[in-house]
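Chemist: model the structure of this input:
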Amino acid sequence: MQDTTESVSRMPEPESSNNKKTITLYTIIAFFSFAFIYSQYMDGLNTSGLSGGLSLYIDFSCWLHFLTFSSIAFLVVYFVERILERRNKLRLVLFAVTGSLLTIYLYVDSKIYSTMNLHINRFVIEALMQEDALNEIGVSPKLLILTVLPVFLFLAAHFLISPLSRLPVATVKFGRRNIVIFFLVLAALVGIDKLLFSYFYFKAQPFVFQLREAPPAYLVPHPYHISKLYGYLLGKDPKTSFTEPLGRGAVASESEHLDYPVNPQGDDIATIHDYNIVMVVIESLRQQNVDSQTAPFYTKLAKETIEANNHYTGGNTTHFGIFSLLYGLNPYYFHDFRLSQVPPVGISLLRENGYSVYSTTARTMRWYDMDKFMLGKNPDTFIPKDGENYERDKQVTDRSIEIARDHEKTGKPYLNFILYYTTHADYEHPDAHTIFEPEIKGRVDYSDKELRGRDRQKLVNRYKNAIHYVDSELERLVTGLRKTGAWDNTILIVTSDHGEEFFEENSFGHNSNLNEYQMRVPLLMHIPGKGNGDIEKLTSHMDVMQTVLGEIFNTTIEEMPFQGRNILSDDAGVVYVAKAHYQRPGAYAILGDEQRVDVNLHGGFLEIESVSSEGEASKDGDSEMRHGMIGLLKQIQELRK
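Modeler: Next comes the predicted model:
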């Protein structure tokens, strides 16, 4: 009887042991899945030019960061196992679902980062919630299928776990004492890592910003605490990364109000010319590919008009670029105007002086609610209902010519904001405009790594062919304006919302890098009576509306709240390009004639991330870049009450 009792008492042990093996195997599978996916982030790190020791530190920090989060996940699994020890089915379902969700998150995030240098964050999530979002960001159906594939793979692994869990290698035992020691050692390593990161940050080593952005949810100490600690240990350093606090005015809150005219009025503001305004924005058109082959008509027209050869968008994303173009303000204020829906002062002045306002766009302007405030209340809107982007662009041209014809008959001035879209991913165009070959055919899979290598030029050729098509639509538009007789009484602006990158600096599209490919765009201006010529000074989207209105209104327009400069004047200076964000940009490129500085607005400080030449020169009180940084701080504060 005693032997039977002992036998009965031992019966649950194999089942319990098997269940523990099952849980352990889930953990092991999840760990190696995460490790493989996490290694994809390492491909995006550029360690060229760094010493072997610094490269080793970057690898150590990234993998330590991964190990820390994986260990925390294991610790959660460990405690849940204790809580649900007798609820085996619930425990297995919980682990399977949790593991699947975490795998999906890392997988999707790694794909987004490897393609566009972005992580899943509020900017990406809000972008995906916009109307027509997949078309806007160029995501193919194939990529969507790939993002949900890990769900089925991880859940399918459950059916393999039961037999595999009987293997001896599937059992890994962790005693509480060993777990405590492991986490104490891990905490010590993390502490050392953060001290090293803080030191390199304090010494203004540019690689720390790349390290901070590459892995998901990489945690860093606050700049204030870094400054206090190393400032006390090492004293003040002229090479410190943070230059000065941003000040209260730069830390915006939704409760603050802007010093901006809601309804500008006054007898002293009147038109001197009732020029029509046709503003053409060509999506994702970068300056580097606008030439006599891709854009023969633009090149010809540029010789007859005014062309700015060193022109930059206000931000490397659509809503920032168009905002700076129409408001003449720093995109830092985009979210404030999105909340208040106060229209640009220039649009309001035009309406008060009898102008009709049109929005003639191939795709919706509902992206980040732009249609609700950027062209004022209820503009006459035209959006083609269907068709490929190039078919929609053709309809936009037809409608724009029709508007010009109607207003030439009535004599009433108008503004028409035109948005062409063929040059946006995935660059579909009519076969007749396949000038550059070979090119990628059909839908583009942007997750394909061959786009970084052998197929990159094929994708660029497809983009160039799309430019060639839009150039033909621009020719049709100008020809139509001339035939209606409106050309000599029309200001024509041709530009882009932002540029486009094709992995020249390890990223695709826009919204990611502040480089020449994503920032520099063409600008052509036809202004009656101003002739032609090239402008070589640095110009910005923030300059355009002020320049246009300066030709229409009397000189008191200079008193309006613009932050740019009249392009036709002799005024020159630095320009600012904001990095994409769903609300307020946290990074800028400050561009001068001789020097460039990349800065971050982080933790209440303005950080210098990189300098194109000697860093000390930028901090000289009389230097162009020093004035540029002070000017940026002024711009992001001066409209706040």
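
Chemist: on the three-state scheme, the spatially most central residue of the chain is what?
Modeler: For the chain, residue 511 is the residue whose C-alpha lies nearest the centre (CA atoms, centre = their mean; 2.1 Å). The assignment at residue 511 comes out as coil when based on DSSP: H, G, I helix; E, B strand; the rest coil.

Chemist: count the residues that sit near residue 568.
Modeler: Applying other CB atoms under 10 Å, we find 16 residues neighbouring residue 568. (C-beta placed from N, C-alpha, C; glycine too.)

Chemist: again with residue 429
Modeler: So residue 429, with other CB under 10 Å, has 25 neighbours.

Chemist: pLDDT-wise, which helix or strand of the chain ranks last?
Modeler: Lowest on mean pLDDT, DSSP states H and E among the helices and strands of the chain sits helix 2-10, with a mean of 44.

Chemist: on that earlier part again, tell me the pLDDT at the residue nearest to the centre of the chain?
Modeler: Looking at residue 511, its pLDDT is 86.

Chemist: that one contacts residue 319, correct?
Modeler: No - when contacts are counted by CB atoms under 8 Å, residue 511 is not listed as touching residue 319 (10.4 Å).

Chemist: just the strands from the stretch 451-600 of the chain, written as ranges.
Modeler: 490-495, 501-502, 508-509, 523-526, 533-535, 539-540, 575-578, 587-591, 596-602 (DSSP state E, counting those that start in this stretch).

Chemist: out of those, which one sits most buried?
Modeler: Stretch with highest mean neighbour count among these: strand 575-578 (a mean of 27; mean count of other CB atoms under 10 Å).

Chemist: element containing the closest residue to residue 182 other than its chain neighbours, please.
Modeler: For residue 182, ignoring the flanking residues on the chain, the nearest one in space by CB to CB, 6 or more residues apart in numbering is residue 71 at 7.4 Å. If you go by DSSP states H and E, residue 71 is part of helix 52-83.

Chemist: what packs against that helix?
Modeler: If you count contacts as 3 or more CB pairs under 8 Å, 6 or more residues apart in numbering; DSSP states H and E, helix 52-83 packs onto helix 12-42, helix 88-116, helix 176-202, helix 207-213.

Chemist: what comes up buried for it?
Modeler: 57-58, 61-62, 65-70, 73-74, 77, 80-81 (16 or more other CB atoms under 10 Å).

Chemist: now, which of those residues sits nearest residue 103?
Modeler: Nearest to residue 103, judged by CB to CB, of those is residue 73 at 11.4 Å.

Chemist: ok, the closest one touching residue 105?
Modeler: No - using CB under 8 Å, residue 73 makes no contact with residue 105, being 11.8 Å away.

Chemist: tell me the contacts of residue 577?
Modeler: 312-316, 514, 519, 540, 588-589, 591 (CB atoms under 8 Å, 6 or more residues apart in numbering).

Chemist: what's the answer for residue 529, then?
Modeler: Under the criterion of CB under 8 Å, 6+ apart, the contact list for residue 529 is empty.

Chemist: what number of residues are in the vicinity of residue 259?
Modeler: 9.

Chemist: ok, residue 258 next?
Modeler: Applying other CB under 10 Å, we find 19 residues neighbouring residue 258.

Chemist: gap between it and residue 540?
Modeler: Using CB to CB, to the nearest Å, we find residue 258 at a distance of 21 Å from residue 540.

Chemist: same question, residue 193
Modeler: 40 Å.

Chemist: got the domain ranges for this protein?
Modeler: Split into domains by automatic domain parsing, the chain comes to 14-240, 276-572.

Chemist: could you provide those domains in CSV, with additional columns for distance to residue 599?
Modeler: Formatted as CSV, the domains of the chain follow (distance: least, CB to CB, whole Å):
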stretch, distance to residue 599
domain 14-240, 10
domain 276-572, 10
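
Chemist: taking those together, which one is wrapped up most tightly?
Modeler: The highest mean neighbour count among those, using mean count of other CB under 10 Å, belongs to domain 276-572: a mean of 20.

Chemist: between the two ends of that domain, how far is it?
Modeler: End-to-end distance for domain 276-572: 27 Å, by CA to CA, to the nearest Å.

Chemist: so what's the gap between it and the chain middle?
Modeler: 18 Å (CA atoms, centre = their mean, to the nearest Å).

Chemist: what of stretch 197-212?
Modeler: On the basis of CA atoms, centre = their mean, stretch 197-212 is displaced by 22 Å from the centre of the chain it belongs to.

Chemist: check stretch 101-110 too.
Modeler: Offset of stretch 101-110 from its chain centre (CA atoms, centre = their mean): 20 Å.

Chemist: what's the mean pLDDT across it?
Modeler: 74.

Chemist: stretch 231-238 too?
Modeler: 70.

Chemist: if you count neighbours, what's buried in stretch 623-632?
Modeler: Buried, per 16+ other CB under 10 Å, within stretch 623-632: 623-629, 631-632.

Chemist: quick one: which of these is nearest residue 109?
Modeler: residue 632 (30.4 Å).

Chemist: now the closest one: phi and psi?
Modeler: phi -60, psi -50 (degrees, to the nearest 10).

Chemist: residue 214 and residue 41 touch, don't they?
Modeler: Yes - between residue 214 and residue 41 there is a contact under CB under 8 Å: 5.5 Å.

Chemist: anything in contact with each of these two?
Modeler: Looking at what touches both residue 214 and residue 41 (by CB under 8 Å, 6+ apart), the common residues are 62, 113.

Chemist: what ranges does the stretch 151-300 of the chain have for its strands?
Modeler: Going by DSSP E, counting those that start in this stretch, the stretch 151-300 of the chain shows strands at 242-245, 276-282.

Chemist: mind telling me which of those the model trusts least?
Modeler: Across the strands of the stretch 151-300 of the chain, strand 242-245 gives the lowest mean pLDDT, at a mean of 58.

Chemist: for residue 347, state which of the contacts of residue 577 is nearest.
Modeler: Distances from residue 347 to the contacts of residue 577, taken by CB to CB, are shortest for residue 314, at 16.6 Å.

Chemist: how about the closest one: what's its closest non-neighbour residue?
Modeler: Nearest residue to residue 314, sequence neighbours excluded (CB to CB, 6+ apart): residue 324, at 2.4 Å.

Chemist: ok, now residue 511?
Modeler: Closest residue to residue 511 apart from its sequence neighbours, by CB to CB, 6+ apart: residue 580 at 3.9 Å.

Chemist: residue 475 now?
Modeler: For residue 475, ignoring the flanking residues on the chain, the nearest one in space by CB to CB, 6+ apart is residue 297 at 4.0 Å.

Chemist: residues touching the one you found, list them.
Modeler: So residue 297 contacts 471-472, 474-475, 478 (CB under 8 Å, 6+ apart).

Chemist: go again with 6 Å.
Modeler: Shown in contact with residue 297 (CB atoms under 6 Å, 6 or more residues apart in numbering): 471, 474-475.

Chemist: out of those residues, who's nearest residue 374?
Modeler: Residue 374 lies nearest to residue 474 out of these, by CB to CB, at 22.1 Å.

Chemist: please read off the pLDDT at residue 532 from the model.
Modeler: For residue 532, pLDDT reads 94.

Chemist: against residue 404, how distant is it?
Modeler: Distance from residue 532 to residue 404, by CB to CB: 22 Å.

Chemist: same check on residue 580?
Modeler: Distance, residue 580 to residue 404, using CB to CB: 34 Å.

Chemist: same check on residue 457?
Modeler: Taking CB to CB as the measure, residue 457 falls 39 Å from residue 404.
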